[in-house]
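Trainee: Model the following, please.
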Amino acid sequence: MNDLDLLLTPEGSALLDEVRDTDPARELAVATRLRREHPAELVSAALGQARLRQRAVAKFGAEDAGRMFFTPNGVEQSTRASVAAYRARRMAASGITSVADLCCGIGGDAIALARAGIRVLAVDRDPQTAAAARANAEALGLAGLVEVREADVTEVDTAGFDAVFVDPARRGGRGRIFDPEAYSPPLSWAVSAARRAPHAALKIAPGIPHEAVPEDAEAEWISDGGDVKEAVLWFGTEPGAVRATLLPGPRSLLSRGLPDPDVRPPGRYLYEPDGAVIRAHLVAEVADQVDGGLLDATIAYVTADALRPTPYATAYEITDHLPFNVKKLKALLRERQVGTLTVKKRGSAVEPEELRRKVKPQGPHAATVFLTRVAGAPAMLIGHPA
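Mentor: Okay, the predicted model is just below:
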């Protein structure tokens with residue numbers, strides 16, 4: 001029996017409830033006590049699962065994570081629930097009612113699709129992973145909409161489904177995989193599978209080169225709470241479209257093919273575009289919204305003279321623009337009694353913690369310093385959120 005088989009027994013279920021909130025620092029003591037009444041392998045499985053559930057709260061929320069079953073890889077590789085829900089809503093809004101979820105993992109995307117009212121065939125070749133996906137559909141009351149199949153996704157017939165969703169494995173024995181053709185299965189196979197279906201969505205790493213995006217796909221970069229989570233290639237939507245979507249919201253910025261903004265001197269305001277906007281190469285669209293330009297041709301900081309709020313960038317009011325000089329920065333911060341210093345950087349080799357140690361901020365006030373380049377020259381811009 002594997003860990004999941006043990007945990008799905010009545011004894012395993014009761015033990016999971018008992019160890020739910022175990023402090024990792026007390027695991028050894030708890031394990032020693034429980035092994036007097038339960039098999040050692042069951043105690044280990046329950047404590048291991050409790051640890052995974054605690055880690056999964058950040059992605060799935062406490063309620064779902066507390067009922068679901070995870071593998072270590074499943075926690076790492078699964079989609080954040082908010083992102084999966086957004087993608088599922090987008091599919092449902094386009095009229096999709098059935099999806100073949102290939103490389104389903106522990107079922108995070110299948111759950112979101114089913115909750116959007118979509119029938120799902122969830123496929124994974126790893127027996128324990130497929131078993132976890134099946135257990136999760138049961139635990140969340142979605143077994144009626146989710147069929148889980150243990151199989152090689154390259155051998156699954158997806159005919160008859162409105163769409164396919166492919167989430168290739170992007171981690172190997174040595175960590176993250178950056179070459180799309182080294183995904184499992186390779187991106188080229190996923191694209192071929194997508195083209196055979198009426199609609200498709202391929203989840204890929206946000207660092208994918210734009211030149212690797214197929215011409216007949218829409219490319220979407222998604223951030224959640226300011227953190228870039230993934231990119232998606234959509235087929236059957238708007239070929240060639242490029243967009244950045246920000247969650248919560250959602251708010252989507254669509255490329256208009258604008259030329260790169262001009263470089264101009266620092267204005268009163270600095271705009272820091274969301275990471276999804278930067279990954280999607282849509283900084284020009286943000287600059288156009290705020291009537292701004294770039295501080296440097298190679299850096300994604302936008303400067304402007306007026307405050308024009310946009311959901312796609314965070315605005316800062318700049319009070320000082322200085323050439324990079326640690327002594328001058330330290331003196332300025334001491335003069336203004338700045339004790340809380342936020343350090344942001346683009347195009348600078350200086351590490352934020354190293355700078356804080358050198359300037360030793362002290363006082364009741366707060367400030368933000370941007371370490372960057374202005375027209376190619378190292379510079380410091382000091383200010384605060386607008």
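
Trainee: could you pull out the strands for the stretch 151-300 of the chain?
Mentor: In the stretch 151-300 of the chain, the segments counted as strands under DSSP state E, counting those that start in this stretch are 163-166, 171-172, 175-176, 199-204, 218-224, 227-235, 242-247, 251-254, 269-273, 293-294.

Trainee: What's the local residue count around the residue nearest to Val228 when sequence neighbours are not counted?
Mentor: Take Val228 and drop its neighbours on the chain: the residue closest to it by C-beta to C-beta, 6 or more residues apart in numbering is Gly275, 4.0 Å away. In short, each C-beta sits where N, CA and C put it, glycine included. Residues near Gly275, counting by other C-beta atoms under 10 Å, number 18.

Trainee: ok, now His384?
Mentor: Considering only other C-beta under 10 Å, His384 is surrounded by 14 other residues.

Trainee: residues touching it, list them.
Mentor: Residues near His384 by C-beta atoms under 8 Å, 6 or more residues apart in numbering: 316-317, 319, 366-368.

Trainee: wait, is it part of a strand?
Mentor: Yes - under DSSP: H, G, I helix; E, B strand; the rest coil, His384 sits within a strand.

Trainee: got the contact list for Leu254?
Mentor: Applying C-beta under 8 Å, 6+ apart, we find Leu254 in contact with 241-243.

Trainee: For the longest helix along the chain, give the mean pLDDT please.
Mentor: When the chain is parsed with DSSP state H, its longest helix is helix 40-65. For helix 40-65, the mean pLDDT works out to 94.

Trainee: repeat for stretch 299-310
Mentor: Average pLDDT, stretch 299-310: 96.

Trainee: what about that stretch, start to end distance?
Mentor: Stretch 299-310 has its terminal residues 19 Å apart, counting by C-alpha to C-alpha, to the nearest Å.

Trainee: Now it: buried residues?
Mentor: 299-304, 310 (16 or more other C-beta atoms under 10 Å).

Trainee: returning to that earlier point: mean pLDDT added to the strands of the stretch 151-300 of the chain, as CSV?
Mentor: Output for the strands of the stretch 151-300 of the chain, formatted as CSV (pLDDT from 0 to 100):
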stretch, mean pLDDT
strand 163-166, 96
strand 171-172, 60
strand 175-176, 66
strand 199-204, 96
strand 218-224, 98
strand 227-235, 96
strand 242-247, 98
strand 251-254, 97
strand 269-273, 98
strand 293-294, 97
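
Trainee: circling back: strands - which of the contacts of His384 land there?
Mentor: Counted as lying in strands by DSSP state E, out of the contacts of His384, are 316-317, 319, 366-368.

Trainee: bridging residues for the nearest residue to Ser255 once chain neighbours are set aside?
Mentor: For Ser255, ignoring the flanking residues on the chain, the nearest one in space by C-beta to C-beta, 6+ apart is Val242 at 4.0 Å. On the basis of DSSP bridges, Val242 is bridged to Ala219.

Trainee: How many residues are close by Val242?
Mentor: When neighbours are defined as other C-beta under 10 Å, Val242 has 21 of them.
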